[in-house]
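quick one: sequence plus predicted model below, questions after.
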Amino acid sequence: MSEKQERMENFEEYLDISENSPGQIVEATVTRINPAEGISVDFGGKQEGMIPQNELVRPATTYRLGEKIKAQILKINDEEGYAVLSERKPFAREVRNSLKKAYETKTPIKGKIVQAVSGGYQVDIQGVLSAFLPGSHSLLRKDQAIPDEEMEFLIIEYTVDRKRQRVVVSRRALVEQLRRDFFNSHKVGDEVLAVVEQISEDHAILDLGIVKAFLPRTELSHDPSISFADILKKGEKIKIKIIELDETKGSVTVSLKALEPDPWLKVSEKYPVGTIVQGAVKSILPFGVFINLEPGLDGLIHISEIFWGSKKADLHKYFKVGQLVQAEVVEIDPEKRRISLSYKKAKGDPWENVAEKYPEGSVVSGVVQRVLSTGAIVEIEDGVSGFVPKSELSWNKIKDPSELLKEKQRVDVKILSIDQQQRRMRLSIKQLTSDPWEEVLTKLNEDSVVKATVKSKVNSGFIVFLNDFSVEGLMPSGHAHEDLKEGDEVEVLVLRLIPERRKVLVSQKKLEEKRAYEDYKKTIGGESNQKTLGDRMKG
């Protein structure tokens, strides 16, 4: 063998040895798994590689045949034909390097609290390194159980060298950093995703990850009738808009309503004054009715815009919640978010054609709305009422109109006159019948005998009703018996007719005197007829 060839073989032998020397990092392929001892690997050398369980990163049973891992050669036994490797050492080196970088860049790391120690907790990092978590940085109560799940931490102290290894982590520092990052990276108007955490009647609490957001009832929807239960479910993820940030207080206020188009922005264009709109009755109150025109847009029909005239009524008798009604837009104030509506204008003014519908002299039916000392108000139809003066209630004198009429009583009336401009109508009840005095003047005279009913006692005597003539008469006290009382039926003598004052004076006693005198004359007349001629001559 030449010297040159010998040198080449020695060099190749050197390379072969150097490629498989202890301390080298190699790529190894899992060839056999022994759950009790570890795994066997092919690392490209002449020997079979063995990685005992204490040098594995994971339990041996979690590896798969053919899986490739990174390992470090610990020792080679050429005589027995095997090599011992470690997966743990190069992995721990990588973990240390990543921890150092995470410490320098303030990047969160993951770990698992494994046990409580003096002053805090021991944290396992990826199964190869231990860190210390001070109790004051754990965000755990003293009586709280150690969480089972892996958690995130921020490294607040990192010293790892040949002499010392100290890694201190903190959950509190991480939360504070993430909170700062949140407020630095978000602004009012941002749209973010959140998880519904709590729901009550007046607000909801949402989880934004590191901070909680407050969703007030007023920011749920433009439609105030919608509740949290209608649109939110605990645990669901929703999109919301940030409307208020306060880093000092750590508070975030959000809105769902802000994601909806505001119906009030174009309300003047969509519902100009004079437009006839339709909506559903939302609520009925003593002062009016609220109508929902669309979600988040309600209009008020004030009670003064419901009935034509001064009608007062229980609105529940005319409207029901959910009922569809039409109304006219009379006023819009977008800044105050108010729409004023008119129910009566949408129906039309009944006085516009009242003269054609109810000509003077016609007889119509109506309902008594109010009874006054001066007469009665009668409603002909909704918005059209007329007045029956006291003098038009009866041909007889009326002291109190309530003696004849009661509220809500239906009556027939005659239309005497209409003032369309002043919205007034004069009515009459008495003119539905002919004037009884016309009959009185043709059929009665002084000394007529009539039947009457006592109506009332007055200072000057008794008011009686002449049964067959529908007029009243006055019987002075001196012409009546003292024991007369209201309701008694008597026969009386007409003493005097006073047409200009529409009065009839009658007398009970004068009738009795007249009849007594007539009986006397009859008696005297009979006796005279029985006398003989001689008696008469003697007389």
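Now that the structure is in, tell me what you want to look at.

before we move on, what SS does S340 have?
Here S340 is strand, with the state taken from DSSP: H, G, I helix; E, B strand; the rest coil.

just the pLDDT for it.
Looking at S340, its pLDDT reads 95.

same question, D483
Reported pLDDT for D483: 87.

helices along the stretch 151-300 of the chain, start to end?
Assigned by DSSP state H, counting those that start in this stretch, the stretch 151-300 of the chain shows helices spanning 171-185, 228-231, 267-270.

and K510, how many neighbours?
K510: 18 surrounding residues under other C-beta atoms under 10 Å. Yep, even glycine has a C-beta here, placed from its N, CA and C like the rest.

again with the one 5 residues further on
As a burial measure, the neighbour count of R515 was computed by other C-beta under 10 Å and equals 13.

can you pull the contacts of it?
Neighbour list for R515: empty [criterion: C-beta atoms under 8 Å, 6 or more residues apart in numbering].

how much space between it and K509?
In this view, R515 and K509 are 11 Å apart by C-beta to C-beta, to the nearest Å.

what are the phi and psi angles of K357?
Phi and psi for K357, reported as degrees, to the nearest 10, are phi -80, psi -30.

burial of it, as a residue count?
For K357, the count of nearby residues is 14 (other C-beta under 10 Å).

what is the mean pLDDT for the lengthiest helix in the chain?
Longest helix in the chain, counting residues (DSSP state H): helix 508-530. Here helix 508-530 scores 81 as its mean pLDDT.

show me what counts as buried in that helix.
For helix 508-530, a neighbour-count test (16 or more other C-beta atoms under 10 Å) marks 508, 510-511 as buried.

distance to G189 added to those residues, as TSV?
Shown next, in TSV, are these (distance: C-beta to C-beta, whole Å):
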residue	distance to G189
Q508	99
K510	103
L511	102
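
looking at the residues you listed, which is nearest M425?
Closest to M425 out of the buried residues of helix 508-530 is Q508 (43.9 Å), distances taken as C-beta to C-beta.

the closest one and P476 touch, don't they?
No: counting by C-beta atoms under 8 Å, Q508 stays clear of P476, with 10.0 Å between them.

let me know how buried the residue nearest to N292 when sequence neighbours are not counted is, in neighbour terms.
In this structure, N292 finds its nearest non-sequential neighbour in K282, 4.5 Å apart by C-beta to C-beta, 6 or more residues apart in numbering. Close neighbours of K282, defined as other C-beta under 10 Å, add up to 17.

quick one: low-confidence ranges for the stretch 401-539 of the chain?
526-539 (pLDDT under 70).

can you map out the helices along the stretch 351-500 of the chain?
Per DSSP H, counting those that start in this stretch, the stretch 351-500 of the chain carries helices over the ranges 354-357, 436-443.

closest to the centroid, which residue in the protein?
For the chain, the residue nearest the mean C-alpha position is S225 (3.0 Å; C-alpha atoms, centre = their mean).

phi first, then psi, for that one.
Main-chain dihedrals, S225, degrees, to the nearest 10: phi -80, psi -20.

quick check: the closest residue to it other than its chain neighbours vs S268, distance?
Nearest residue to S225, sequence neighbours excluded (C-beta to C-beta, 6+ apart): K282, at 7.1 Å. From K282 across to S268, the span is 21 Å (C-beta to C-beta).

hang on, isn't F462 packed against G473?
No: using C-beta under 8 Å, F462 makes no contact with G473, being 9.0 Å away.

what stretches of the stretch 51-200 of the chain score poorly on pLDDT?
In the stretch 51-200 of the chain, no residues with pLDDT under 70.

run the last query once more with 90
Low-confidence segments of the stretch 51-200 of the chain, defined by pLDDT under 90, are located at 77-82, 92-93, 96, 126-129, 142-143, 159-166, 178.

what sits against the residue nearest to T275 when sequence neighbours are not counted?
Distance criterion C-beta to C-beta, 6+ apart; nearest residue to T275, sequence neighbours excluded, is V329 at 4.8 Å. Shown in contact with V329 (C-beta under 8 Å, 6+ apart): 271-277, 299, 339-341.

ok, 6 Å please
271, 273, 275 (C-beta atoms under 6 Å, 6 or more residues apart in numbering).

give me the buried positions along the helix or strand hosting it.
According to DSSP states H and E, V329 maps onto strand 324-333. If you call a residue buried by 16+ other C-beta under 10 Å, then strand 324-333 has these buried ones: 325, 327-330, 332.

what's the closest of those to P350?
Of all the buried residues of strand 324-333, E328 has the smallest distance to P350: 15.1 Å, by C-beta to C-beta.

stretch 199-214: which residues count as buried?
Under the neighbour-count criterion of 16+ other C-beta under 10 Å, stretch 199-214 has 199, 203-204, 206, 208, 210-211, 213 buried.

among these, which are located in strands?
199, 203-204, 206, 213 (DSSP state E).

the residues you listed: which two are farthest apart?
Spatial extent of those (C-beta to C-beta) is set by the pair I199 and A213 at 13.1 Å.

could you find the closest non-adjacent residue to I339?
Once flanking residues are discounted, I339 sits nearest to G299: 3.7 Å by C-beta to C-beta, 6+ apart.

who's in contact with that neighbour?
By C-beta under 6 Å, 6+ apart, G299 lies in contact with 291, 293, 339, 341.

including neighbour count, could the residues you listed go into a markdown table?
Shown next, in a markdown table, are the contacts of G299 (neighbours: other C-beta atoms under 10 Å):
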| residue | neighbour count |
| --- | --- |
| I291 | 26 |
| L293 | 21 |
| I339 | 26 |
| L341 | 30 |
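
V188: which of the residues you listed is nearest?
Nearest member of these to V188, counting by C-beta to C-beta, is I339, at 29.4 Å.

if we can go back for a sec, the contacts of V329, buried ones only, as a ChimeraX selection?
Here is the ChimeraX command that picks out the buried ones among those, judged by 16+ other C-beta under 10 Å:
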select :271
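
now the strands for the stretch 351-500 of the chain?
With strands called from DSSP state E, counting those that start in this stretch, the stretch 351-500 of the chain shows them at 363-372, 375-381, 384-389, 410-419, 424-428, 449-458, 461-466, 471-476, 489-498.

need the residues that contact the fifth one.
So that's strand 424-428. 378, 386, 388, 392, 413-414, 416-418.

quick one, which of these are buried?
Neighbour-count burial (16+ other C-beta under 10 Å) is assigned, among the contacts of strand 424-428, to 378, 386, 388, 392, 413-414, 416, 418.

how far away is V411 from R423?
21 Å.

ok, these two, which is more surrounded?
V411 (19 against 16).

look up how far F469 lies from the more buried one.
Remark: distance between V411 and F469 (C-beta to C-beta) = 23 Å.

cool, K100 as well?
To F469, K100 is 125 Å away according to C-beta to C-beta.
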